[in-house]
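J.: no sequence for this one, just the structure:
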């Protein structure tokens, strides 16, 4: 089963294309969809939708793991990320990719065994598990979300 893990954002949306074969994770592609702060917000959402659709058409994942929003302080940022999540969910729906949502604690638990793992622990576990070094937090979160989907296989929402 080929899947896409997604860490939503407006400036950077992390993504990872993963499969599990014979009990081992295979990473086909990973990175970030970037949008320029200088552009109009609607233009940034359009770029996100276009770039995500291009990735999905290229890799044809059978499911998507999407990180839920977890903010406690910055409402303005949470609202912008909510718009990005909406665009992401619409693109996935339009392209027929079932969405599985995970909270950050569940993702951390699936990757590290600790629901409160920090970013450094997450990146180290990705390096140990997959043999790749990831510097960007958004990409690391997308990879972890993909691993969570591949290991838990919940019901789509």
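T.: Everything's here; your move. Please read all numbers here as calculations on a predicted model, not as lab measurements. Numbers count the residues shown, from 1 in each chain.
J.: what residues of stretch 142-155 count as buried?
T.: 142, 143, 144, 145, 146, 147, 148, 149, 150 (16 or more other CB atoms under 10 Å). No exception for glycine: its C-beta is placed from N, CA and C like everyone else's.
J.: and the first one, that one's in a helix?
T.: Yes. Residue 142 sits within a helix when classified using DSSP: H, G, I helix; E, B strand; the rest coil.
J.: ok, it touching residue 3?
T.: No. Between residue 142 and residue 3 there is no contact under CB atoms under 8 Å: 10.8 Å.
J.: got the contact list for the helix or strand harbouring residue 128?
T.: Element membership for residue 128, per DSSP states H and E: helix 119-130. Applying CB atoms under 8 Å, 6 or more residues apart in numbering, the external contacts of helix 119-130 come out as 25, 27, 108, 111-112, 114, 117, 132-135, 137, 140-141, 143-144, 147.
J.: from the residues you listed, which ones fall inside strands?
T.: Counted as lying in strands by DSSP state E, out of the contacts of helix 119-130, are 25, 27.
J.: just the buried members of the contacts of helix 119-130?
T.: Buried, going by 16+ other CB under 10 Å: 25, 27, 108, 111-112, 117, 134, 137, 140-141, 143-144, 147, out of the contacts of helix 119-130.
J.: any idea how far the helix holding residue 128 is from the chain center?
T.: Its chain's C-alpha centre and that of helix 119-130 lie 15 Å apart, by CA atoms, centre = their mean, to the nearest Å.
J.: can you give me the helices in this structure?
T.: All helices of the chain, identified by DSSP state H, fall at 41-59, 75-94, 104-112, 119-130, 137-152.
J.: deepest-packed of those helices, please.
T.: The highest average neighbour count among the helices of the chain, using mean count of other CB atoms under 10 Å, belongs to helix 137-152 at a mean of 25.
J.: now that one, how far from the centre of its chain.
T.: Distance, centroid of helix 137-152 to centroid of chain: 6 Å (CA atoms, centre = their mean).
J.: check which helices and strands it sits against.
T.: For helix 137-152, the elements it packs on are strand 2-7, strand 12-21, strand 24-34, strand 63-67, strand 99-102, helix 104-112, helix 119-130, judged by 3 or more CB pairs under 8 Å, 6 or more residues apart in numbering; DSSP states H and E.
J.: what residues of the third one count as buried?
T.: It stands for strand 24-34. Judged by neighbour count using 16+ other CB under 10 Å, the buried positions of strand 24-34 are 25, 27, 30, 31, 32, 33.
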